[in-house]
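Undergrad: prediction below, plus the sequence it came from.
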Amino acid sequence: RSITARMDIERLFSLMPNKRYVYVIRRLVLQEAEPKTVAEELCTNVDNLYNIKKRAIAALTEIALKGTGKYEKNTGK
């Protein structure tokens with residue numbers, strides 16, 4: 001199941017046009033990196049990093065929900 005979940009998230013990441021968003025989600029959420037470290041990696045501050053994270057999660061959610069809608073149409077749900 002873990003492999004399937006990993007494949008699903010990678011598929012969603014591949015659909016995200018903003019690769020900086022992917023990086024932020026991967027580092028902060030999946031790898032649980034320290035916000036200060038990630039902010040430094042991106043040459044920004046922690047406050048801005050949290051704004052990026054918020055937009056990134058919103059973008060990921062939108063892509064996931066669009067994909068769910070297509071899946072439901074295809075399966076007749």
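TA: It's in. Numbers count the residues shown, from 1 in each chain.

Undergrad: C-alpha only now, for contacts and for neighbours.
TA: OK.

Undergrad: residue ranges with poor pLDDT in the protein?
TA: Within the chain, the segments meeting pLDDT under 70 span 1, 68-77.

Undergrad: so how many other residues sit close to Tyr23?
TA: The tally of other residues near Tyr23 (other Cα atoms under 10 Å) stands at 17.

Undergrad: tell me the SS of it?
TA: Secondary structure, DSSP: H, G, I helix; E, B strand; the rest coil: Tyr23 is helix.

Undergrad: from Glu34, how far out is Ile9?
TA: 21 Å (Cα to Cα, to the nearest Å).

Undergrad: do Arg20 as well
TA: Per Cα to Cα, Arg20 is found 17 Å from Glu34.

Undergrad: biggest helix in this structure by residues?
TA: In the chain, ranked by residue count with DSSP state H as the criterion, the top helix is helix 46-75.

Undergrad: for that one, name the packing helices and strands.
TA: Helix 46-75 is packed against helix 2-15, helix 19-24, helix 35-41, with contacts defined by 3 or more Cα pairs under 8 Å, 6 or more residues apart in numbering; DSSP states H and E.

Undergrad: just name the most buried of those.
TA: helix 19-24 (a mean of 18; mean count of other Cα atoms under 10 Å).

Undergrad: quick revisit: now the longest helix of the chain: buried residues?
TA: By 16 or more other Cα atoms under 10 Å, the buried positions in helix 46-75 come out as 46, 49, 52-53, 56-57, 59-60, 63-64.
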